[in-house]
Every structure is written in C-alpha cells, then in structure tokens.
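Peer 1: give me the fold of what follows.
(one chain, ligands or ions: 1)
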Amino acid sequence: MNQRVASFMELVKARNSHEPEFLQAVQEVAETVLDYIAEQDIYNGKNILLRMVEPERAISFRVSWVDDQGEIQVNRGYRIQMNSAIGPYKGGLRFHPSVNMSILKFLAFEQVFKNSLTTLPMGGGKGGSDFDPKGKSDAEIMRFCHNFMAELSRHIGPHTDIPAGDIGVGAREIGFLFGMYKKIKNEFTGVLTGKGLSWGGSLIRPEATGYGTVYFAESMLQTKNESMEGKSVVISGSGNVAQYAAEKVLHLGGKVLTLSDSSGYIYDKDGVDAEKLAFVMDLKNNKRGRISEYVEKYSSAEFFEGETPWGVACDVALPCATQNELSGEDAEKLLGNGCICVAEGANMPCMPEAVHKFHEAKILFAPGKASNAGGVATSGLEMSQNSLRISWTREEVDNKLKDIMKNIHDNCVAYGTEDGYTNYVKGANIAGFVKVADAMLAQGVV
Ligand code: NDP
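Peer 2: The predicted structure is shown next:
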C-alpha cells in the first residue's frame, strides 16, 4: 500500500473501525483512484474521496411484525443514502441474516460507482434488513414487507430514492413493498424497480444483471479474439443473477458446468442445458427448494455439500452468489485449471488476494461494479418508462442493455489499460469516479 493510500485508509478506519466489508470496498477504490486524483489539478486537494466515503444519510429503524404463531418478531431495517450528486439514490434492498451497516455501506459505496458507469442519472444507495426470508410463509413475508415499508416510505420517493431487489428480495417482496408504499402515499409512482409487468415493470429487468454480466464477459473475450462459444463456464449461486447468467451463456453457445447455493454446489459434467435450467428456475423461484435437489432429478450431476465450485476446471468463472465467496486459494485453483476470464455477477465476490492473483496472471477480470451494472441500468430504463408512461419491447430494452454494457466495457478499457493489459478494476473505479466528482465539484461543498 503506498503512503497516500495508507494515510487515507487511516482516516477512514478511525471512523469505521468495525466495518470490514466497507473498509475493503473503500481500500480497493482508494488504491486505484487516489494516485489519479493527485495527477489531476481539478480534483487534487478537494477531499472528494473523503466526502464520497461518508454516507449523505444512514437510516436504521425497527421493524416489528407478527409471525404465523402469533409471536411478535423484531428485525432491524436500514437505508444508506450514499451519494446523490448525479441523481436520486438508487440501489437494492437485501434481506439476509448477515445484513448489517458494514455490508450495506460497502454495497452503497460500490453502487455510486456502478450507477455512474451506466451513464444514467442515478445516485447510489442500498438498504435491507437482517430478516431471513428462508422458511417463512408468504403471509409472514407479506407482513414483514408491509411493516418494513411503513417506515421506509418516509425516506424514499420517485425523485428521492428508488430501491430495487437484491439477495432475498425478488418479485414477491417487491410486490408487497410496492403495495404498502402505494397505500401510504396514495399515489402510483415508479418508487421501486423490479415491479411486475402489469404494474409498471420493465421487460428484461429480471434477466438484466445476469445477461449484462455475460455481455460484459463476451466483450472482454473479444479483446482476445475469443468468444463464449464452446467455453466451459463455472457459475456460483442459483438465484436471480446466476440463473440468467446461465441462460445467456447457453444462448451464446457456452457450457454451464456448475450452480450452487449456501449449502453446496452441483457439478453436471454434461452441462446444465435449457431444460435443466428451467427445472432450477422452477425449483428456486416457485418451490423455494435447494440446489441439491438437482441431482435427484439429473443423474449426470453430483452434489458437493458445503463446498464452492472453484476447483472445477473451466475457461470462464462467473461468481454470482455473494461477497467474499472466492478466496486467493480458489483463484489459484482457477488459474491452475486454465481459466482465462472471471466476471463478477455478485458484488465483491472475489477477495482482494484473488483479484491480485488474477491481475498478476494477467487474465481477464471484471469487478462487479462494471460487469453486474446491467441490473441497475435496466432499473434506470424502468424509471424512464414509468416517467414517460410507455413500455418498450423486449428487444428494445435488450438492445439498450447491450449498448450500455459495451459502453461500460469500453470506458474501463479507456481508463484502465497500461502496457497492453486492461486492469478493469482501475478502469471502472476511475471512470465511475470522474462523473460523480465533476458533479460534486460543480455543486460546491454541500
Ligand atoms: P438471490 O437471493 O436471488 O440469490 C442469491 C444466491 O446466492 C442464492 O443461490 C443463495 O443461496 C446464494 N447465497 C447467498 N448468500 C450466500 C452465502 N453467504 N454463501 C453462499 N451462497 C450464498 O440474489 P441475487 O441473485 O439477486 O444476488 C446475487 C448477488 O448479485 C449479490 O451479491 C447481489 O448483491 C448481486 N447483484 C444483484 C443484482 C440484481 O439485480 N438482483 C444486481 C447487481 C448485483 P441460498 O438460497 O442458499 O441463500
């Protein structure tokens, strides 16, 4: 770590000492952006990054609700409104027992850069709760979502802050949240994205993060005169992002070897084809089952309990489950097996040592804030359609998504290439920073 980064991190650590994920995300940005700032007269000496690491507002609130047994339960809800320099706060809601201030601040911080990269006018935010949706009935989920929104509704709005889904928050939860917001405010507005198609949602929004990640990987492969066609692909997760990443890999002629959840991974030597993927989507989205059930249905597959899939030989790896799920050791296994491209579908799934190893080996590596930006970009397109009161076709939205991902890719190349190698982390951080920093400078010290 150079002196500039060390001094900066000392300041940030003093104020956020109990927030390891947040510090990890900030350090990665500081390592790539501080030297750039020092070289630019317009940014130097303005403490822009120091301002960016402090949330404009961090809200924490009680959510009490009654379970099916009539017991009163208490959870904690949060909304981090990180930066609104280029537009209203925008970012998902996560419902998972691990949720705390550190995780949400890291996600909100990443979101500022990601949203800037999309070139759409969206600031960054994130929120959620330590509520665990697993094993809850639909009625419990509804009561929780309604009580969560009863408080959150005071802090959000179509021109202020527009939440969306994330881990544990899918179409069902967005429906319940939207219903309560509408009741409280007595207005039908685009206050959440990821809505159902018949009530303001956008085509391609469910697919967008996974598809976008694969479009980004394809653009990276093209820089090496390669493509997804014929590539073997290891994917972690089996939720929204993993499912549609797998679908797009299949569209482009790749072979999906693995999927996972928090209980372990399945390896299908024959590949997860379209029919098997439809089974997974039904299992996960409708039956709310476990990925281990895949091997009961398909004998070509094995289930590895409690393990992650990074030891399986592949050309391309797409971590699509959660933060810090791929360690330095895992990176070594991937490199040892000949992996040439890693694109993050999840947020910060690769630990810093893993990213370091990928860079050292000079393989293609895309950080989530660039490669998974397709989800929020399509949320931005959902907001535009809501404001204009129109609906674009599937093809129109998909084409816009492809253009946005290509644009993000090219921006990363422009800012991150040195001696013929593109460091996409550096490219994404600087490209994302510049737009937000320019807006902050124009708006003065607020
Ligand atoms: P889902 O809830 O739909 O799926 C999450 C998947 O990851 C599940 O398979 C889940 O398994 C697994 N998972 C979650 N936590 C862990 C853990 N601690 N260890 C191992 N596996 C775990 O979420 P999404 O697919 O929406 O999100 C996945 C990632 O993508 C997250 O990092 C999210 O922030 C990021 N992302 C999502 C976007 C979106 O549009 N949805 C946009 C941009 C980024 P299990 O069911 O066992 O918990």
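
Peer 1: so how far is residue 259 from the residue in the stretch 151-300 of the chain positioned nearest to the ligand?
Peer 2: Using CB to the nearest ligand atom, residue 239 is the residue of the stretch 151-300 of the chain that sits closest to the ligand, at 1.8 Å. The way it works is simple: take the backbone N, C-alpha and C, and place the C-beta from them, glycine included. Separation of residue 239 from residue 259 (CB to CB, to the nearest Å) stands at 10 Å.

Peer 1: the residue of the stretch 151-300 of the chain closest to the ligand: neighbour count?
Peer 2: By other CB atoms under 10 Å, 22 other residues sit near residue 239.

Peer 1: verify the stated contact: it with residue 284.
Peer 2: Yes - counting by CB atoms under 8 Å, residue 284 is a contact partner of residue 239 at 6.6 Å.

Peer 1: doesn't residue 229 make contact with residue 218?
Peer 2: No - using CB under 8 Å, residue 218 makes no contact with residue 229, being 9.5 Å away.

Peer 1: near the ligand, which residues of the stretch 301-446 of the chain are found?
Peer 2: Contacts of the stretch 301-446 of the chain with the ligand, taken as CB under 6 Å from any ligand atom, map to 320-322, 325, 345-347, 372, 375.

Peer 1: identify the farthest-apart pair in these.
Peer 2: 325 and 375 (18.1 Å; CB to CB).

Peer 1: neighbour-wise, which of the two wins?
Peer 2: Neighbour comparison, residue 325 and residue 375: the larger count goes to residue 375, with 30 against 23 (by other CB under 10 Å).

Peer 1: so what's the more buried one up against?
Peer 2: Going by CB atoms under 8 Å, 6 or more residues apart in numbering, residue 375 touches 164, 205, 208-209, 212, 241.

Peer 1: and residue 159, by the same measure?
Peer 2: Residue 159 sits in contact with residue 88, where contact means CB under 8 Å, 6+ apart.

Peer 1: gap between it and residue 190?
Peer 2: Counting by CB to CB, the gap from residue 159 to residue 190 is 10 Å.

Peer 1: and for residue 49?
Peer 2: 32 Å.

Peer 1: mind listing what's buried in the lengthiest helix in the chain?
Peer 2: Looking across the chain with DSSP state H, the single longest helix is helix 394-416. Neighbour-count burial for helix 394-416, counted by 16 or more other CB atoms under 10 Å, picks out 397-398, 400-402, 404-405, 408-409, 411-413, 415-416.

Peer 1: and what of stretch 34-53?
Peer 2: Buried-residue list, stretch 34-53, by 16+ other CB under 10 Å: 34, 36-37, 43, 48-49, 52-53.

Peer 1: for that stretch, measure first residue to last.
Peer 2: 13 Å (CA to CA, to the nearest Å).

Peer 1: contacts for that stretch?
Peer 2: Under CB under 8 Å, 6+ apart, the answer for stretch 34-53 is 2, 4-5, 8, 11-12, 26, 29-30, 33, 82-83, 109, 112, 430, 433, 436-437, 440-441.

Peer 1: can we see that at 6 Å?
Peer 2: 4-5, 12, 26, 430, 437, 440 (CB atoms under 6 Å, 6 or more residues apart in numbering).

Peer 1: go on, stretch 392-409?
Peer 2: Contacts for stretch 392-409 (CB under 6 Å, 6+ apart): 117-118, 202-204, 208, 212, 215-216, 219, 370, 373-374, 377-378, 381.

Peer 1: and the longest strand for the chain?
Peer 2: Determined from DSSP state E, the single longest strand within the chain is strand 72-83.

Peer 1: buried stuff in it?
Peer 2: Buried residues in strand 72-83 (16+ other CB under 10 Å): 73, 75, 77-83.

Peer 1: just the residues you listed now: which is nearest residue 58?
Peer 2: The closest of the buried residues of strand 72-83, once distances to residue 58 are taken by CB to CB, is residue 80, at 5.1 Å.

Peer 1: for the stretch 201-350 of the chain, which segments count as strands?
Peer 2: 232-236, 255-261, 264-268, 301-305, 316-319, 341-343 (DSSP state E, counting those that start in this stretch).

Peer 1: buried deepest among the ones you listed, which one?
Peer 2: Ranked by mean neighbour count under mean count of other CB atoms under 10 Å, the strands of the stretch 201-350 of the chain are led by strand 316-319, which reaches a mean of 31.

Peer 1: nearest spatial neighbour of residue 432, chain-adjacent residues omitted?
Peer 2: residue 113 (3.2 Å; CB to CB, 6 or more residues apart in numbering).

Peer 1: going by neighbour count, which residues in the strand or helix carrying that neighbour are buried?
Peer 2: Assigned by DSSP states H and E, residue 113 belongs to helix 101-117. Under the neighbour-count criterion of 16+ other CB under 10 Å, helix 101-117 has 101-117 buried.
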